[in-house]
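In: fold the following, please.
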Amino acid sequence: MDTNTLHTSTLEKLYGPVECEIIRQDDKIRVVHLKDKKGISRTVGVVRFYNTDHKPIEAVHKRILEGGLLGKTLQKFKIDYTKKIIGALPVRLPDWIKNDFLIDEEHSIALISNIKIKISSGEQLLYTKIIEVLPPELSSGHVHDIIQKQDVDKDLLPLFESVDLLIENIIL
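Out: Predicted structure coming up:
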């Protein structure tokens, strides 16, 4: 998988059109499936939103909460943003994710990244921190640094638990 492009664009090259199915969402947290045209989940995204009340992001954030794909919506609204992948964590997949991925494998990786929005002053404002749980067939090509549980932001750790993801191979 090409990690230099938008994740949904990569999925669309592999599987065709991708839609966002919201599993649960509030003003701060969003859990989604990115599903292909056959209804197979190709990524589970867990998103933590920040700074959603700033002028450059208010309308975009509203559209995203209405069901828009995060990256594509930012692009559609011509928002200047950067997505930085922090690293990857090995995870044990819960049954509900394995069922939606249509797999039997127990393990995969979760990519941790953040999206920052450039505001008029030239500063970058944190918009999201994201956990992208990849199916095993997509996780094998990633060359990102494997990070340890203790290196994950404390506000993201409860999100793993909220979707029944167990972080594997950790040093405590």
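
In: does the residue of the chain positioned farthest from its centre sit in a helix, a strand or a coil?
Out: Centroid-distance maximum for the chain: residue 121 at 27.2 Å, with Cα atoms, centre = their mean. Following DSSP: H, G, I helix; E, B strand; the rest coil, residue 121 is assigned to coil.

In: next up, the contacts around it.
Out: Listed by Cβ atoms under 8 Å, 6 or more residues apart in numbering, the contact set of residue 121 is empty. C-beta here means a position set from N, CA and C on the backbone, and glycine is covered the same way.

In: assumed residue 51 was part of a helix.
Out: No - with three-state DSSP as the criterion, residue 51 is located in coil rather than a helix.

In: and it, what pLDDT?
Out: Looking at residue 51, its pLDDT reads 91.

In: ok, the residue lying closest to it once chain neighbours are set aside - contacts?
Out: Counting by Cβ to Cβ, 6 or more residues apart in numbering, residue 125 is the residue found nearest to residue 51 once chain neighbours are left out, at 5.0 Å. For residue 125, the contact set (Cβ under 8 Å, 6+ apart) comprises 51, 54, 56-57, 116-119.

In: thinking again about what came up before, give me the pLDDT for the residue farthest from the centre of the chain.
Out: 79.

In: which residues of this structure score low on pLDDT?
Out: Residues of the chain that meet the criterion pLDDT under 70 lie in 1-5, 141-144, 169-172.

In: could I get the full set of strands for this structure?
Out: Under the criterion DSSP state E, the chain carries strands at the ranges 19-25, 29-35, 41-49, 81-92, 107-118, 124-133, 166-167.

In: can you say which of the contacts of residue 125 are buried?
Out: Using 16 or more other Cβ atoms under 10 Å as the burial test, the contacts of residue 125 include 56-57, 116-117 as buried.

In: from memory residue 138 sits against residue 42, does it?
Out: Yes - contact criterion Cβ atoms under 8 Å: residue 138 and residue 42 qualify, at 7.3 Å.

In: residue 145 is nearest to which of the strands of the chain?
Out: strand 81-92 (4.5 Å; Cβ to Cβ).

In: list the buried residues in the closest one.
Out: Here strand 81-92 shows 81, 83, 85-91 as buried, counting by 16+ other Cβ under 10 Å.

In: for residue 149, see how far away the residue nearest to residue 51 is.
Out: Computed as Cβ to Cβ, to the nearest Å, the residue 125 to residue 149 distance reads 27 Å.

In: re earlier: hey, which of the strands of the chain is tucked in deepest?
Out: Among the strands of the chain, ranked by average contacts under mean count of other Cβ atoms under 10 Å, first place goes to strand 41-49 (a mean of 22).

In: what helices or strands is that strand leaning on?
Out: helix 7-15, strand 29-35, helix 95-101, strand 124-133, helix 157-162 (3 or more Cβ pairs under 8 Å, 6 or more residues apart in numbering; DSSP states H and E).
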